[in-house]
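Novice: Okay, predicted coordinates and the sequence, questions at the end:
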Amino acid sequence: MSFVKRIGVFTSGGDAPGMNAAIRAVVRAGIYYKLEVIGVKRGYEGMIDGDAELMNLRSVSNIIQKGGTILKTARSKQFMTPEGREKAAKFLKNQNIDGLLAIGGNGTLTGLLELRKHWNGKMIGLPGTIDNDLYGTDYTIGYHTAVQTAIEAIDKIRDTADAHDRIFMVEVMGRHAGFIALDSGIGGGAEKILLPEIDTEVNKCVTNFLEGKEKGKTSSIFIVAEGNSLGGAREVATKVFEASGCDCKEVVIGHIQRGGSPVIGDRVLAGKLGVFAVEEMMEGKDNSMAGEINNQCVLTPIDNAVNWKKQIDPYKLKVASILAT
Ligand code: F6P
């Protein structure tokens, strides 16, 4: 006995490596449990436009290793309006979809809360974002690949920084969260990490650089989270130059962090959460995000997942500062 018979799956918002692995897991688990699975294209935009197809086992062959999303994604402006949301709900009703699995980040899951006002089927979100900023899961699908990409870039920058005795400001993504910055800073051996969660003073950046010089450092790498209070890499480089005359190079890693083949952590997480979300929905669970905490799959109310703030680990801050000396 299952609470759902025909489920929809879609990806929305910024793509993240591992979204395809998550689609595959939902489709294969759904079919394994004898459900019909509809793939909705281009997120909420495709739901409004009625752009969808019945998935089968082969629709998701050979995608586990691919970045991007075979269902495409969008940041839908139409869905921001009540009319758009009503159209999306109408599509779900016309399609006889009784359960919806959304793979995406904060905006995507907030969209489910809005859709709830127009549609009564079961809804479970899967955390698919490089930002790792969702409460209710230790990591989000895509995060580990993005950090890996960032540290590979930092390693290369370190070579040229060392060769020229230069300071580099390296900007990483993460929107308002500093998870990518902190982990890529520790993993990349950064001299300083500028997070959105902690206000940054230019003078402290300059002092940090000068103290490093006194200790014999000839080059420095600062990781700048894009949401940092001083601005991105360019702004920080300019402010440090104005305050000290130190010439800094700036690098924005940018959307490269969103692409590429997902690393094993993202693939396994996507697989576990996809199967878990389908099983929980069949049992009647609703209005939740599937996540993994301490290696166990758990559900968190969507409202908490998007509105409760996931904290940066203070011990990692200490580790970063000890290792940067
Ligand atoms: O949420 C994922 C993310 O890559 C953020 O890190 C970044 O701030 C944002 O999306 C960029 O969005 P877009 O690709 O729409 O400019």
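Specialist: Perfect, I can see it now. Bear in mind that the values here come from a model prediction, so they are computed numbers and not experimental data.
Novice: Can you give me every residue that contacts the residue in the stretch 151-300 of the chain that the ligand sits nearest to?
Specialist: Nearest residue of the stretch 151-300 of the chain to the ligand: Met173, at 3.4 Å (CB to the nearest ligand atom). The C-beta positions use only the backbone N, C-alpha and C, and glycine is treated the same way. Counting by CB atoms under 8 Å, 6 or more residues apart in numbering, Met173 touches 130-131, 146, 180, 226, 253-255, 257-258.
Novice: Most neighbours among those, which one is it?
Specialist: For those, counting by other CB atoms under 10 Å, the largest number of neighbours falls to Ala146: 33 neighbours.
Novice: What helices and strands are in contact with the host helix or strand of that residue?
Specialist: Using DSSP states H and E, the element containing Ala146 is helix 143-164. Packing contacts for helix 143-164, counted by 3 or more CB pairs under 8 Å, 6 or more residues apart in numbering; DSSP states H and E, involve strand 167-172, helix 179-187, strand 220-225, strand 248-252, helix 264-282.
Novice: CSV for these, including mean pLDDT?
Specialist: Conversion of the helices and strands packed on helix 143-164 to CSV gives the following (pLDDT from 0 to 100):
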stretch, mean pLDDT
strand 167-172, 97
helix 179-187, 98
strand 220-225, 97
strand 248-252, 97
helix 264-282, 98
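Novice: hang on, the earlier thing: what's the spacing between the residue of the stretch 151-300 of the chain closest to the ligand and Asn62?
Specialist: Using CB to CB, to the nearest Å, Met173 is found at 28 Å from Asn62.
Novice: For the nearest residue to the residue of the stretch 151-300 of the chain closest to the ligand once chain neighbours are set aside, give me the backbone phi and psi.
Specialist: Using CB to CB, 6 or more residues apart in numbering and skipping the chain neighbours, the partner closest in space to Met173 is Gln257 (5.1 Å). Main-chain dihedrals, Gln257, degrees, to the nearest 10: phi -70, psi -20.
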